[in-house]
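Q: sequence unknown, structure follows:
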């Protein structure tokens, strides 16, 4: 999962651009805990944002992860099935859970 | 004014909330233990990094010992993963359309040459700055206190641009789009709207930040600057301005960036308040830049506490500093007032006369007499917005 891109920033002083070519946003390699259900998270949750966006929430309850997944579906129209919602909640709770159901 | 009543009410209400419900939301100091990552993003020094797609970077505490935030330390917040990484400055246009007499398509050259150029030094703060103070967790990025900065912005008044286009009589709303895009076609795009009658001459379309081009990650080549307001509507890579009569219902307007519409702007996790309002203008706040929670100093050495204070533009009257955990408060020295919307630097020197832990606190008071509450007296809201508790650092004296 290590894809770190070296940035080339050229300091040219153009009329109106201190960076005169495309910038590259580096890839960050997050420490992702492997386990049952990860493929489902990989397939469903990393399309719109990085893993960092998810784990920044810190350890949370099962209910929290379930509701977060539902929020992605309702607010952001994430195309996630009912079965996958359950698998994702279980994975997140097991690896990024705080032990509490609610 | 409003905010003063709010403070009084908030103290009382929190006392009630704590005694009646074990599940009431509480607030503490925001998380302050994260370190800049090893990887630097384009045009930036390494910053605290939450996500690469979209890029989310926070400035460390040390940044706030100065009242102008350097461009390479300025925080970064995008909503969508697909952000332009190249801008053709010759071809770039800002379109102004909708209920206008004459549609415009303004090039960067025209923006810089055909309008009056103005400058404003203003704080840019995410409404969710310090969100990690709220428990239970409030939805969104768990920022510490570095989702903010203050820069000198140069650009053109939005009102001058709109006047050139000529606003039609029944126009009421202005919508702004940036160039960031969602990956999935059904995800709502990040579009913001502003009521035309809220527009004042301080709102500018800026192309320069601290005398340099805007960094890409801060919205190159142009972004909106709305001094005094939280940065949710400071649209980056501004490409389109549409004037309308009706308000367009949008996710990022109707659901995000809103607080409970009651006097204390608060609620409890079990009992959400039904109606909400936009987070709008900033409340009075200050942050200590030095020392930090890791500082170790010698007994009897000279320590200079430095930090920044700001509000929505009324201006800072004073910043009080406590070096005994809040028992007594001392007046600090304020830096020159560069702009009513800018960070006001403060400093306070002292010599620690005890050994061990010393807790330093800073409390800003604005010209309306509004002051920061203690962290535990900030009331909970589900979005974790508008935290402005008194900042605290604990140093060690050896």
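A: All right, it came through fine. Since the model is a prediction, treat every value here as computed from it, not as a measurement.
Q: roughly how far apart are the closest residue to residue B:136 other than its chain neighbours and residue B:135?
A: Spatial nearest neighbour of residue B:136, excluding adjacent residues (C-beta to C-beta, 6 or more residues apart in numbering or on different chains): residue B:269 at 5.5 Å. For glycine as for every other residue, the C-beta is placed from the backbone atoms N, C-alpha and C. Distance of residue B:269 to residue B:135, given as C-beta to C-beta, to the nearest Å: 9 Å.
Q: Quickly list what's touching both of the two.
A: By C-beta atoms under 8 Å, 6 or more residues apart in numbering or on different chains, residue B:269 and residue B:135 have these common neighbours: B:25, B:380.
Q: Now for the residue nearest the centre of chain B: which residues touch it?
A: Nearest to the geometric centre of chain B sits residue B:125, at 0.8 Å (C-alpha atoms, centre = their mean). Neighbouring residues of residue B:125 by C-beta under 8 Å, 6+ apart: B:147-148, B:230-231, B:282, B:310.
Q: The same query, at a cut-off of 6 Å, please.
A: Each residue near residue B:125 by C-beta atoms under 6 Å, 6 or more residues apart in numbering or on different chains is listed here: B:148, B:230.
Q: go on, residue B:102?
A: B:165-166.
Q: what's the helix or strand for it?
A: Assignment of secondary structure by DSSP states H and E places residue B:102 within no helix or strand.
Q: Where does pLDDT dip in chain B?
A: Scanning chain B with the threshold set as pLDDT under 70 gives B:1-23, B:181-190, B:249-254.
Q: before we move on, back to that, of residue B:269 and residue B:135, give the one with the bigger neighbour count.
A: Set residue B:269 next to residue B:135 and count neighbours by other C-beta atoms under 10 Å in any protein chain shown: residue B:269 wins out with 17 against 14.
Q: For that one, grab phi and psi.
A: Per-residue torsions, residue B:269: phi -60, psi -30 (degrees, to the nearest 10).
Q: quick one on the thing from earlier: how far away is the residue nearest to the centre of chain B from chain A?
A: Distance from residue B:125 to chain A, counting by C-beta to the nearest C-beta, to the nearest Å: 19 Å.
Q: What about that residue? Give its phi and psi, please.
A: phi -130, psi 130.
Q: how far away is residue B:33 from chain A?
A: According to C-beta to the nearest C-beta, residue B:33 stands 12 Å off from chain A.
Q: Revised request: answer the last question for residue B:59.
A: Taking C-beta to the nearest C-beta, one finds residue B:59 at 16 Å from chain A.
Q: That residue is in contact with residue B:147, isn't it?
A: No. The pair residue B:59 / residue B:147 is not scored as a contact, 8.0 Å apart, by C-beta atoms under 6 Å.
Q: what touches both of those two?
A: Contact criterion C-beta under 6 Å, 6+ apart; residues shared by residue B:59 and residue B:147: residue B:75.
Q: returning to that earlier point: how close does the residue nearest to the centre of chain B sit to residue A:35?
A: 38 Å.
Q: Could you check how many residues crowd around residue 41?
A: Here I'm looking at chain A. 20.
Q: Let me rephrase: I mean chain B.
A: When neighbours are counted by other C-beta under 10 Å, residue B:41 comes out with 24.
Q: In terms of helices and strands, where is it?
A: Element membership for residue B:41 (DSSP H and E) is empty, with no helix or strand holding it.
Q: Show the residue spans covered by the strands in chain A.
A: Along chain A, the stretches classed as strands by DSSP state E are A:11-14, A:17-19.
Q: And for the stretch 51-200 of chain B?
A: For the stretch 51-200 of chain B, applying DSSP state E, counting those that start in this stretch gives strands covering B:56-58, B:76-77, B:93-98, B:104-107, B:117-125, B:134-135, B:148-157, B:173-177, B:191-195.
Q: Pull up the pairing partners for the first one, direction included.
A: Just to be clear, that refers to strand B:56-58. strand B:48-51 (antiparallel), strand B:76-77 (antiparallel) (DSSP bridges).
Q: Return the most buried member of those.
A: The highest mean neighbour count among the strands paired with strand B:56-58, using mean count of other C-beta atoms under 10 Å in any protein chain shown, belongs to strand B:76-77: a mean of 26.
Q: residues making contact with it?
A: Under C-beta under 6 Å, 6+ apart, the answer for strand B:76-77 is B:55-57, B:126, B:217.
Q: ok, now with 8 Å
A: B:41, B:44, B:47, B:54-57, B:126, B:141, B:147, B:217-218, B:231.
Q: so how far is that strand off the chain centroid?
A: On the basis of C-alpha atoms, centre = their mean, to the nearest Å, strand B:76-77 sits 11 Å off its chain's mean C-alpha point.
Q: Identify the residues contacting residue 54.
A: I went with chain A, as the question did not name one. The contact partners of residue A:54, by C-beta under 8 Å, 6+ apart, come to A:45, A:92, A:96.
Q: should've been chain B
A: Contacts of residue B:54 by C-beta under 8 Å, 6+ apart are A:49-50, A:53, B:77-81, B:83, B:180.
Q: any idea how far the residue nearest to the spatial centre of chain A is from residue A:27?
A: The centroid of chain A falls nearest to residue A:51 when counting by C-alpha atoms, centre = their mean (2.5 Å). Remark: distance between residue A:51 and residue A:27 (C-beta to C-beta) = 11 Å.
Q: got it, and residue B:226?
A: Taking C-beta to C-beta, one finds residue B:226 at 33 Å from residue A:27.
Q: So between these two, which is more surrounded?
A: Neighbour count, other C-beta under 10 Å: between residue B:226 and residue A:27, residue B:226 has more, with 24 against 15.
Q: Who are the contact partners of the nearest residue to the more buried one once chain neighbours are set aside?
A: Sequence neighbours aside, residue B:203 is the residue nearest to residue B:226 in space, at 5.3 Å (criterion: C-beta to C-beta, 6+ apart). Each residue near residue B:203 by C-beta under 8 Å, 6+ apart is listed here: B:157-159, B:224-227.
Q: Select from these every entry located in helices.
A: The helices, defined by DSSP state H, take in B:158-159 from the contacts of residue B:203.
Q: quick one: which of the contacts of residue B:203 is nearest residue B:260?
A: Nearest to residue B:260 among the contacts of residue B:203: residue B:226, at 22.4 Å, using C-beta to C-beta.
Q: So that closest one is in contact with residue B:238, correct?
A: No. Checked against C-beta atoms under 8 Å, the pair residue B:226 and residue B:238 is beyond contact range at 11.7 Å.
Q: List the buried residues in stretch B:383-398.
A: Within stretch B:383-398, the residues that qualify as buried are B:383-395, B:397, counting by 16 or more other C-beta atoms under 10 Å in any protein chain shown.
Q: any chance of these in a markdown table, with distance to residue B:331 and secondary structure too?
A: Below are those laid out as a markdown table (distance: C-beta to C-beta, whole Å; DSSP: H, G, I helix; E, B strand; the rest coil):
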| residue | distance to residue B:331 | secondary structure |
| --- | --- | --- |
| B:383 | 35 | coil |
| B:384 | 32 | coil |
| B:385 | 30 | coil |
| B:386 | 26 | coil |
| B:387 | 25 | coil |
| B:388 | 20 | coil |
| B:389 | 21 | coil |
| B:390 | 16 | coil |
| B:391 | 17 | strand |
| B:392 | 18 | strand |
| B:393 | 19 | strand |
| B:394 | 22 | strand |
| B:395 | 21 | strand |
| B:397 | 22 | strand |
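Q: Please consider this matter closed, and thank you.
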